[in-house]
Structures are given as C-alpha cells and as structure tokens.
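Trainee: can't give you the sequence, but here's the structure:
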C-alpha cells in the first residue's frame, strides 16, 4: 500500500509487485531551521536523500552500487507537499517507498511524520538511469534487472 497519494500520477507497471520501503528517524537540528524555528524548506531535499540512501543501503541499490556498474541515477522529477511545519528539536521519521518499474527509472514516494504520527510532508521523486557519459539508458543495467527479478519473485520485501 502506498505511503501517500502523490499529486502527480504514478506509473504502476506491475501493481501486483509490492513496493519496497525503509524508514529513517532523525531530529531537527539547529542548522536546519529558519529564524522562527521552523524547518527551513531548502532542507527537505536533503531529508529525502536520507531516505533514498537508506533504501540503497538496505537493498544494495546505493549510488556507489550503480556507479560501480557504470550507471548514475540523477533526479528527473521532484515534487513536495508541505502539510505541517517541523520545529527545532522535534523528532521525525522519513518513510521512503520504491515502486516497481521495469524501465530504467526509479520512482520513490516519501512521507515525513513527527513523533506523534502527524504527516508533515509528502513527496515523490523520479530518477533516471544514465551511463557514465550521461546518455539515457533504455533498459536498466544487468545488476538492477537481477535485483528486480528477485523482487518480482517475492524474494525481496519491505524493511520497516
């Protein structure tokens, strides 16, 4: 089940394949807030990156794993919806979810919740797969296709 419904339509290439997910807990630091103690909007991209990095570590899909296989995965799309502010010192959890896609694309959705479970932010990103010369790949690299085969067979599951 999706963490949230993004404002833009999502590609669902194989809805029968469950998404993969991870969660990361953090605390709003002084350097991340503005003059009124609200989490500064410019930090949210970094927080989503924390979710993507945790996903990479959990499933063997880190940026280094891609690079070691001759691929980079830059952002193509970035969408963010603010619902409630986070304040200095608040604890929050970043939930990241990766959706199945057979293309050379990675579709993520995110939900940030405070310690009481209030959803403060929802977001989505799409990353493309390029070779090291910056050329768009028309199919994923072999290591990712092998990972996806395991995922589709149910041998890879959501890690909360």
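Mentor: In hand now; what should we look at? Computed from a predicted structure; not experimentally measured.
Trainee: contacts and neighbour counts: CA atoms only from here.
Mentor: Fine.
Trainee: and the strands in the protein?
Mentor: 20-27, 71-72, 75-82, 91-99, 105-114, 119-128, 130-131 (DSSP state E).
Trainee: who does the last one touch, helix- and strand-wise?
Mentor: Looking back up the chat, that one is strand 130-131. In this structure, strand 130-131 packs against strand 71-72, with contacts taken as 3 or more Cα pairs under 8 Å, 6 or more residues apart in numbering; DSSP states H and E.
Trainee: now do 10 Å
Mentor: helix 63-68, strand 71-72 (3 or more Cα pairs under 10 Å, 6 or more residues apart in numbering; DSSP states H and E).
Trainee: just give me how far the shortest one sits from the chain centre.
Mentor: Spelled out, that is strand 71-72. Counting by Cα atoms, centre = their mean, to the nearest Å, strand 71-72 is centred 17 Å from the centre of its parent chain.
Trainee: what strands flank it, and is each parallel or antiparallel?
Mentor: strand 130-131 (antiparallel) (DSSP bridges).
Trainee: report the distance from the strand it pairs with to the chain centre.
Mentor: Centre-to-centre, strand 130-131 and its host chain are 19 Å apart (Cα atoms, centre = their mean).
Trainee: related to what we said a few turns ago, let's have the strands of the chain in a markdown table, adding distance to residue 56.
Mentor: Converted to a markdown table, the strands of the chain look like this (distance: least, Cα to Cα, whole Å):
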| stretch | distance to residue 56 |
| --- | --- |
| strand 20-27 | 10 |
| strand 71-72 | 13 |
| strand 75-82 | 15 |
| strand 91-99 | 10 |
| strand 105-114 | 12 |
| strand 119-128 | 13 |
| strand 130-131 | 17 |
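Trainee: closest to residue 41 out of the ones you listed?
Mentor: The closest of the strands of the chain to residue 41 is strand 75-82. By Cα to Cα, the value is 8.9 Å.
Trainee: so residue 95 sits against residue 117, correct?
Mentor: No: contact between residue 95 and residue 117 fails when scored by Cα atoms under 10 Å: they sit 11.6 Å apart.
Trainee: which of the two has more neighbours?
Mentor: Ranked by neighbour count (other Cα atoms under 10 Å), residue 95 and residue 117 place residue 95 first, with 24 against 10.
Trainee: rewinding a little: out of the strands of the chain, which gets nearest to residue 155?
Mentor: strand 20-27 (11.4 Å).
Trainee: can you list the strands that that closest one pairs with?
Mentor: strand 91-99 (antiparallel).
Trainee: angle of the strand it pairs with against strand 119-128?
Mentor: Interaxial angle, strand 91-99 versus strand 119-128 (axes from the mean of the first three to the mean of the last three Cα atoms, to 10 degrees): 40 degrees.
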